[in-house]
Each structure stands twice: as C-alpha cells, then as structure tokens.
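**Student:** quick one, what's the 3D model for this:
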Amino acid sequence: MSRLRTFLRQFLTRRGYVVTHVEPEIPPPLSSVLQYFCRLSGPTYSAVCFDNDSRIQTELLAVMPETRVLFSSPLSLPPEGKLAPGAILPDKPEGRFLAVIDLDSFSLDLLAAKLAWLHEAEVLLLRARLGSYWAGEFDFCHQSAQIKSHGFRLTDVIGHAQLSLVQQPSESVILVCMRRHDVSPRPDYSRYRVNEALTYLSAPIAHRGDFKLLTGRGSFGYAGGVFNPGAIVESSLTYLLPRAERTPWALQKTDESRFFASTQPLLLSLDENNCIAKAVELSLEGLPDPTTLRTEDFRLFRFGGQIYTNHAVISYPQRRSAKHQSLQLEKMQTRVGISKLEFEELRLTWLGFLAIDRPLAQTEKNWVLIDAGDRLLLLYSFSPYILLSCSHWPALDFITIMEELVALPFADDGFPVRNSVNPVEYDDDHWLHIVHKVYPGKQYCFWAVLLDRKSLRPVKTTKRPLVCGWHSVSTTIIYTCSVIADPINIRLFSGLDDSATAVATIPRQRLDAEWITLPPKDTSQS
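**Tutor:** Numbering: from 1, shown residues only. Down below sits the predicted model:
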C-alpha cells in the first residue's frame, strides 16, 4: 500500500497536481509543501538552502527553477559558528523566500545572528535526524520555544524519507515554521503531528538517572512480578500497596481461573533511602466473591483520618471463571471499588463499589479520589473534566458538581487524556495531579497538572512530558500510578513492563521550572 501511495503521488506530481494528503493522519510529502508555498507566493518565490542532503536539494529543484534556489554552507559545525574556508555569506534573496536549514549541522541561533535577514523568511524548513532527539542532543520542547523567539510559529512536522527499522535513527523530520501571521496549509491535521512530536521528541522531566528499581519479576516469590503501587506517607514512613502476581501473564491468559486467583495485595514499607524495609501480604476481607472478582491497581488516599484504597474490580457479569479456558478480557466488566487499609490487622476491608450519577460503560477505571478536607471528591474524567463529590460519606454515592472542557497544550493528537494518580497536596493552593495518554504499542506518556484547591479546576500543566517510557527509563511499558510530594522532592512510583516497580526522585525545583498556565476556561464549546 505504501509503494502504491508513493507511486500515485509521484505520478500526479509529474503532471502538475498537488497531493496534500492521501489519509488525514499521513503528513504531506515535502514536495507538496513546497508546491503549496510556491503557488501561494507567485513566481518571485525563491529559496536559500543550508542543507547538504541531496534528497532535499532534489525536492527543491523539482519544484523551483534552478535560478531561484541558492545553496550555501557558510558556517562550520556548531558550536564554533565560524566561516568555512572560502565561504561567502549569502545576500538576502529578492522577494518572498523560504529557508531550509539542517539543524544537525548548523545552529539556528548562530545562523540567524550571522544573517539577520533570515527572520524575514516566509517559511523555515528545519531538518533534524531522529537519532539526535533520541540521543538527547535535541529537545523538541526547547526548539518550539526557539522557533517562536525568532518570530515564527511551528505549523507542521513532516518527513521526507521512508527507511527500514534499523535505519530509523538517520531518518529525518522537518519542522515547518511560518510567520505567525500566515495561515497553515493543513490546520486541521497538522496540529496532531505537532503535538505528537512534542510528546515523542521532547526531553521528559524525569531522567533515567532519577529512577531506582524496587521490585521485579520473581520478587518475594511472585513469578508474575510486583508492580503498579499506590503510595502514602504514614507516621513518617512511606508505604506502597502494589499488586503482586502469582502467575505470569503468559499463563493467566490461557486459564480464566488462574487470572482471577493470581493477584495479591502486598504492603511494602520503605526506609529513608527508598529501599524496601519490609514486605507483608494483606488479606482482603468482605469481597463478595473472590473467585469471580479480581482486584488490582490499588491507589492509596487519606480521608477523615483513615487510609483507604480505590482499586479496579474485574468480573464476569454472568458466570464463574473456568479452568483451562482462554481469557476473554473483552467480555469482562471493570468497576471501581474502595477498601479500607488497616495496618495493625494487615488487611484490606472491602467497603463497596463507587456509585455515580452517570451511565457506566463496560470498562470503568482511572477514577481518582481527592481528600478535600470536609468532602471526598472523585475525578471521573480529565478530558472532558468531570468532577463529582461524595454526597453522604461513608455511603459511596457521588454526584456531579463540575463538567467542562479544559484547553490542554498536549491534547490535540487524537489520543484521550486520562487520570493516573490520586492527586496529593502540593502547596497551600494546589493539588498535584498526573495524567497520561497511551500511544500505539502501549507507549505511555505522562504530564503533571496543578489543580486549584478553591476552584477545583486544573490551572497549570507542564510544558513538556513528565515521564515517557521511551526516554525516561529503559522499558517497553511504564505506568506512573502514585506520587508523593514533599518540600524538596517529588517521588513518582511506577510499574515497569507490568512486572516491576521503580521510584523516580525529582527535585521540586526542576518540576517548578516547567509549569505553564492554562487558559481560565475553554469557552469554545458549551
């Protein structure tokens, strides 16, 4: 299909047709972008190219006359910014022009300092190799701010080559930057690609050196691993409540009965060095039928002087589980329940399912709870933002008190934004929350959010991802499920590859440097 698409595109281009897209999510090729700008600007349009890549040169000369294209390499590799031997600084092209710059070879800031007329370009096409982002040499979040400081706005992120998997570090992306008063040729879908690049190509706040492994597959005798912990501080000690799995997932999915019997709540206590000091199993009492109900993904919270956990409860709604029958997750029902944690008795006491004034889907999870002092809040959904309040505690009935849209800078890529942790106190005015999106291949990405304790609305978010599985830690899957904030550090507790637990310690000062303020309210839709 990709070869056919490429052939059709080349065939139509040779006959003077401009192919903007074949499918909405597929970015236009560089040739189509160049043709669009040429048609927009008329015959006086020209280009100056600070890029030695022959494919870029071929694309330019296929669209523009040779006399309208200037190739130049006046500077050496950064950071020196010196003139190359025999190089002559080019003059500003006449009329409207675009500039192509290879960011792996030339610093945009140094080039603009040498050639002030670059700021007058109608379009900047900035090319960079994916390997430079993955190696930490480039940071898309910083580049976005840099582009804006030069008077341009980033309108699209495209590629110009299709390589095999092992060649992908040498694959290039091209940042399409226009004067801020211009209009993007693809405003409807290009924002998806810009936000996707912000996720995948920005350096996350949590670095690899921040993480410490706590448990793994086989820890404390659990062959399926110990992971996805809730976390809380009680009497100056940090406690984790992860899910321990007796059976590896490869065997659970072949036998329904093993799936329901596998999970076990495990209470871990940490010492001052974030090392496990003690691990004990907890009993779960009062659950209606443990053989047909499975509890997992415990999130701890404090309310009214007691400690509780909200957690997922998975069940077959109409029959018992069967031995040696393949697991059929699509037929299961997931609800959110609450249990009370009792340290002395080493048990969880089942209190019941949460009841809300909204229709329920077959799978309901990612609900989080907030201790608001005199009342218990339930954040049902983050996008849209739906907040409920417990009407008569200890009854578990919640009613909706807020439902609105929130304008998020990272939302426009087509993937839903979901809750990750029970929000915790951050300062006198805010709760700290963490939200996530799931990308293809179970690639999770997380952002930190501040909720105002008076208005109960999100008011700030991080401008770059907080945690990314492909950047923050060497693992296929990472799921951050609890957070503890103190005056100095933020501790993030995450499950790794659905089998292990890790803690990341981030200086609070580093996190505070990344906050951006959200608009007061999204009024574009009622």
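**Student:** can you spell out which helices and strands pack onto the helix or strand in which His142 is found?
**Tutor:** Taking DSSP states H and E as the criterion, His142 maps to helix 140-149. Packed against helix 140-149 by the contact rule (3 or more Cβ pairs under 8 Å, 6 or more residues apart in numbering; DSSP states H and E) you find helix 108-114, strand 123-129, strand 152-159, strand 172-179, helix 187-200. Every residue, glycine included, has its C-beta placed from N, CA and C.
**Student:** can you redo those as TSV with mean neighbour count and distance to Ile401?
**Tutor:** Listed next are these as TSV, based on neighbours: other Cβ atoms under 10 Å; distance: least, Cβ to Cβ, whole Å:
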stretch	mean neighbour count	distance to Ile401
helix 108-114	17	48
strand 123-129	23	46
strand 152-159	21	38
strand 172-179	23	42
helix 187-200	19	30
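**Student:** got a markdown table for these, with mean pLDDT and distance to His324 too?
**Tutor:** As requested, those are exported to a markdown table (pLDDT from 0 to 100; distance: least, Cβ to Cβ, whole Å):
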| stretch | mean pLDDT | distance to His324 |
| --- | --- | --- |
| helix 108-114 | 89 | 62 |
| strand 123-129 | 93 | 51 |
| strand 152-159 | 89 | 48 |
| strand 172-179 | 90 | 49 |
| helix 187-200 | 79 | 42 |
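**Student:** any chance of CSV for those, columns distance to Ser420?
**Tutor:** Output for the helices and strands packed on helix 140-149, formatted as CSV (distance: least, Cβ to Cβ, whole Å):
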stretch, distance to Ser420
helix 108-114, 35
strand 123-129, 30
strand 152-159, 26
strand 172-179, 28
helix 187-200, 15
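**Student:** next one: phi and psi at the residue positioned nearest the centre of the chain?
**Tutor:** Residue closest to the mean C-alpha point of the chain, counted by Cα atoms, centre = their mean, is Cys445 at 2.6 Å. When quoted as degrees, to the nearest 10, the phi and psi of Cys445 stand at phi -140, psi 140.
**Student:** so what's it up against?
**Tutor:** When contacts are counted by Cβ atoms under 8 Å, 6 or more residues apart in numbering, Cys445 is found next to 199, 436-437, 439, 465, 467-469.
**Student:** quick one: it and Val467, what's the gap?
**Tutor:** Distance, Cys445 to Val467, using Cβ to Cβ, to the nearest Å: 7 Å.
**Student:** and if you look at Gln252?
**Tutor:** 27 Å.
**Student:** looking at those two, which is more packed in?
**Tutor:** Val467 (27 against 21; other Cβ atoms under 10 Å).
**Student:** got the domain boundaries for the protein?
**Tutor:** With automatic domain parsing as the criterion, the domains of the chain are listed as 2-200, 208-517.
**Student:** wait, what's in contact with Ile386?
**Tutor:** Applying Cβ under 8 Å, 6+ apart, the residues near Ile386 are 358, 379-380, 400, 402-403.
**Student:** and it, that one's in a strand?
**Tutor:** Yes. Under DSSP: H, G, I helix; E, B strand; the rest coil, Ile386 sits within a strand.
**Student:** on that earlier part again, who wins for neighbours among the contacts of Ile386?
**Tutor:** Most surrounded of the contacts of Ile386: other Cβ under 10 Å gives Leu379, at 24 neighbours.
**Student:** how far away is that one from Pro458?
**Tutor:** From Leu379 to Pro458 the distance is 10 Å (Cβ to Cβ).
**Student:** which ones among the contacts of Ile386 map onto helices?
**Tutor:** Taking DSSP state H, every one of these sits outside helices.
**Student:** among the helices and strands of the chain, which has the poorest mean pLDDT?
**Tutor:** helix 2-14 (a mean of 55; mean pLDDT, DSSP states H and E).
**Student:** show me what whatever helix or strand comes next after that helix is packed up against.
**Tutor:** Downstream of helix 2-14, the first helix or strand assigned by DSSP H and E is helix 30-41. Packing partners of helix 30-41 (3+ Cβ pairs under 8 Å, 6+ apart): helix 2-14, helix 54-63, strand 123-129, strand 152-159.
**Student:** switch to 6 Å and redo it
**Tutor:** In this structure, helix 30-41 packs against helix 54-63, with contacts taken as 3 or more Cβ pairs under 6 Å, 6 or more residues apart in numbering; DSSP states H and E.
**Student:** okay, buried residues for the helix it packs on please.
**Tutor:** Buried residues in helix 54-63, counted by 16 or more other Cβ atoms under 10 Å: 56, 59-60, 63.
**Student:** please enumerate the helices of the stretch 201-350 of the chain.
**Tutor:** Remark: helices assigned in the stretch 201-350 of the chain by DSSP state H, counting those that start in this stretch are 249-252, 256-262.
**Student:** give me whichever of those helices is most buried.
**Tutor:** helix 256-262 (a mean of 20; mean count of other Cβ atoms under 10 Å).
**Student:** so which elements touch that helix?
**Tutor:** Under the contact rule (3+ Cβ pairs under 6 Å, 6+ apart), helix 256-262 is packed against helix 249-252.
**Student:** distance from the chain centre to the helix holding His142, please.
**Tutor:** Chain-centre distance of helix 140-149: 19 Å, with Cα atoms, centre = their mean, to the nearest Å.
**Student:** good, wrapping up.
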